[in-house]
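> Quick check, what structure comes out for this input:
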Amino acid sequence: VAKGSAIAGVLRDVIDPNTQQPLIKLWNGEMKRLGGGSDFTTFLTHLGIPSVDMWFGTQSDAKYGAYHSVYDSFDWVARQGDPGFRYHVAMSQVWGLLTLRLADAATVPYNYTMQAEALKAYLSDVQTMATKHEKSVDWSALEDAIGIFRQSAEHASVVQRLPNGQCLNKCQCNNDSLAMVERGFLIPDGLVGRKWFKHALQAPSLETGYGSDVFPAVMDSIRKRDDAQIKQSVDETAVRVKAAAVLLGAMCYADKENLGVREVYNKLGVILFIVVLAISLLFAVAYNIFGQRWQVSSSISDFGSGSSMFNNRRPAAASTGHIELQQFDVDVDFEEVGQEDDDDHNYDR
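A predicted model of the protein is given here:
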């Protein structure tokens, strides 16, 4: 499972009661198909609702002998199965954290790129079965559908990684699309001979009971050695995979071209900001250099033209200023030559 997945994130935060290590360090990362052995069967294979099942086991995957027997009781669990119910607490923490994080996520963290990888593995399994039964099958429609689904999944992963600020009011739209993807895999009329099961990707196996078949419509038809039904089931499965890809592509910002335009606009915005900032700095430097000279030139012009800035004023004391202007030195002396008599008194300038 990807390191950033919702389940992996929860397992990093829950501690194993015995080793006191995060559960993520004790998990081998294996993800199995659900099959048909528990309550999730209705949700997944009939209703098309994403489902998950988790449990604690041993390294040898040994089964405890009390399962489904008269000894499978509260007393047995308290004494032998899980004294102190420590692993019950740990599993409650796993389910609780996962529920909270799924509910609070701005965009539901379903990983459909993993589903695309699984589809490739499913195709390999069913091709192996066809070879075993000496059946030549045209897989092109299903291969194309899986390729389309992969493209939609890759694009959806980009949309899911957008910052919450860019989501605006579209997060609900994205979540609705993500939640409906699994429904796209449902075959409306169900599997041939067992119509209650509708999921095109997996269903309880006719041969293994609790185990599951991948692309069950195809596998069922291969077992029957019915060439016409094999072709029909391959085509129907391909249609359902494409339907799921369409639902996945219905996410807001969904088409790749529009997202590419958004990315280009973001880059252009950054470039424009840098250009404007550089121009502003150049203007500031230019003003600092040339603006001061212009102000000095203007002041000297006022000084030499008999401006009223020096009229009717008596300097408080004699002062001397030294100004460098266009490579010329100008010495300016203000010398008091008399006492203030009236407003019309003149001063040497």
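> show me where the protein has helices.
Using DSSP state H, the helices of the chain run over 6-13, 40-41, 74-76, 86-104, 112-132, 140-160, 164-167, 171-184, 216-224, 227-249, 256-286, 292-304.
> And the contacts of the first one?
In other words, helix 6-13. Here helix 6-13 makes contact (Cβ atoms under 8 Å, 6 or more residues apart in numbering) with 1-2, 22-24, 27, 52, 54, 94, 97-98, 101-102, 105, 109. Backbone N, C-alpha and C define where each C-beta goes, glycine included.
> mind showing which ranges of the stretch 101-250 of the chain have poor pLDDT?
For the stretch 101-250 of the chain, the stretches flagged by pLDDT under 70 are 162-173.
> circling back to that earlier point, just the buried ones from the contacts of helix 6-13, in PyMOL syntax?
A single PyMOL command suffices to select whichever of these are buried according to 16 or more other Cβ atoms under 10 Å:
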select buried, resi 1+23+24+94+97+98+101+109
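> Now for the residue lying closest to residue 26 once chain neighbours are set aside: which residues touch it?
Counting by Cβ to Cβ, 6 or more residues apart in numbering, residue 16 is the residue found nearest to residue 26 once chain neighbours are left out, at 5.6 Å. Counting by Cβ under 8 Å, 6+ apart, residue 16 touches 22-23, 26, 90.
> Try it again at 7 Å.
Taking Cβ atoms under 7 Å, 6 or more residues apart in numbering, we find residue 16 in contact with 23, 26, 90.
> related to what we said a few turns ago, name the nearest of the contacts of helix 6-13 relative to residue 124.
For those, the residue nearest residue 124 by Cβ to Cβ is residue 1; the value is 20.2 Å.
> In terms of pLDDT, where does the closest one sit?
According to the prediction, residue 1 has pLDDT 42.
> Closest one of the contacts of helix 6-13 to residue 245?
For the contacts of helix 6-13, the nearest to residue 245 is residue 109 (19.2 Å; Cβ to Cβ).
> That closest one and residue 184, how far apart?
From residue 109 over to residue 184 the distance is 19 Å, taken as Cβ to Cβ, to the nearest Å.
> Please apply the same query to residue 120.
18 Å.
> swap in residue 176?
To residue 184, residue 176 is 13 Å away according to Cβ to Cβ.
> Give me the more crowded residue out of these two.
Between residue 176 and residue 184, counted using other Cβ atoms under 10 Å, residue 184 has the larger neighbour count: 20 against 14.
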